[in-house]
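In: Whatever this is, show me its structure:
(one chain, ligands or ions: 1)
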Amino acid sequence: MNWIEAVGYLGTALTIAATAMSTMIPLRIISLCASCAVVTYGILIGSMPVVLTECIQIPFNAYRLWEMVRLIRQTEIASSGDLTHEWLAPFGTKRRFRAGQTVFSKGDAADELFYVENGVFLIPEVGIEVGKGGIVGELGLLSPGNTRTASLVCLQAGSALRISYSEVKQLYYQNPEFGFYFLKLTSERLFQSAKGGERIAAGDAI
Ligand SMILES: Nc1ncnc2c1ncn2[C@@H]1O[C@@H]2COP(=O)(O)O[C@H]2[C@H]1O
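Out: Below is the predicted model:
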């Protein structure tokens, strides 16, 4: 076997390895390496169909790889809670609350969540205060019968964006980063409640 054939076999081996892979990022990286080896081989043996096939595949693989890396980066940002306002603001309807006002009570029917813009709110059952940037009222979307798992009372006058559950669902299906953030937020709160109501401030980064 001469070195030109060795380059060709390297391309074959990498192509087979990529086909066998189940995780997307390594698959795309190995596919790109395979294409580079096969293009080199195609040039060395003067085969335009081989070169052309791989040159068409390279941008597709590179684009999909970029998409996956971007999604993972956004998901990381999402899980730190930085993008919530950006996501929710276009859907929200502003509502003002005065000190002492009950926003909702435990057991009420739930069909919306709140993104706190300012003021301070209290969840009396767990003794948690929710301030600017906090999300509250999301568990009703998942609770049996869609009822509130706790109450919410306004401590210091402020405002919150109301986002209906149907809009939350739209956002969930259309925006995987939001979906992941929502999953993390709700599961952290449910885990904490199950552990005995340890404090997770509703505005805390998760
Ligand atoms: N342990 C908890 N930590 C933080 N927030 C909570 C906790 N339990 C309930 N909540 C919030 O209080 C809200 C009450 O209404 P929901 O059940 O719709 O959604 C609930 C959560 O947003």
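
In: Ile77 and Leu83 touch, don't they?
Out: Yes. Assessed by Cβ atoms under 8 Å, Ile77 is found in contact with Leu83 at 5.9 Å. Where C-beta positions appear, they are placed from N, C-alpha and C, glycine not excepted.

In: Report the set of residues contacting both of the two.
Out: Common contacts of Ile77 and Leu83, defined by Cβ atoms under 8 Å, 6 or more residues apart in numbering, comprise Glu177.

In: These two - which one has more neighbours?
Out: Leu83 (16 against 12; other Cβ atoms under 10 Å).

In: Contacts only, for that one.
Out: Here Leu83 is in contact with Gln74, Ile77, Glu177, Phe178, Tyr181 (Cβ under 8 Å, 6+ apart).

In: Inside helices: which ones of those?
Out: Gln74, Ile77, Glu177, Phe178, Tyr181 (DSSP state H).

In: In contact with the second one: list those residues for me.
Out: Which is Ile77. Leu83, Glu177.

In: tell me which residues of the lowest-mean-pLDDT helix or strand in the chain are tucked away?
Out: Ranking every helix and strand in the chain by mean pLDDT, DSSP states H and E puts helix 84-88 at the bottom, with a mean of 81. Neighbour-count burial for helix 84-88 flags Thr84, Trp87, Leu88 (criterion: 16 or more other Cβ atoms under 10 Å).

In: Check whether that helix comes near the ligand.
Out: No. Judged by Cβ under 6 Å from any ligand atom, helix 84-88 makes no contact with the ligand; its nearest approach is 13.1 Å.

In: follow-up on the earlier one: and of the ones in helices among the contacts of Leu83, the nearest to the ligand?
Out: Tyr181 (13.8 Å; Cβ to the nearest ligand atom).

In: residues near that closest one, how many?
Out: Count around Tyr181 with other Cβ under 10 Å applied: 26.

In: Correct me if wrong: it contacts Thr84.
Out: Yes. Contact status for Tyr181 versus Thr84: in contact at 6.9 Å, counting by Cβ under 8 Å.

In: Phi and psi next, for the nearest residue to Asp108 once chain neighbours are set aside.
Out: The spatial neighbour of Asp108 that comes closest, neighbours along the chain excluded (Cβ to Cβ, 6 or more residues apart in numbering), is Arg148 at 4.7 Å. Note on Arg148: its backbone torsions stand at phi -70, psi 130 [degrees, to the nearest 10].

In: what residues go with each domain of this structure?
Out: What automatic domain parsing lists as the domains of the chain is 3-79, 86-200.

In: Run through the strands of the chain in chain order.
Out: All strands of the chain, identified by DSSP state E, fall at 93-97, 102-104, 112-123, 128-130, 135-136, 152-164.

In: At the contact with the ligand, which residues of the chain appear?
Out: Residues of the chain lying close to the ligand (Cβ under 6 Å from any ligand atom) are 110, 123, 126, 128, 136-140, 143, 148-150, 152, 189, 192-193, 197, 200, 202.

In: give the contact list for the residue nearest the centre of the chain.
Out: Centroid-nearest residue in the chain: Glu177, 2.0 Å away (criterion: Cα atoms, centre = their mean). By Cβ under 8 Å, 6+ apart, the contact set of Glu177 is Leu71, Gln74, Thr75, Ile77, Ala78, Leu83.
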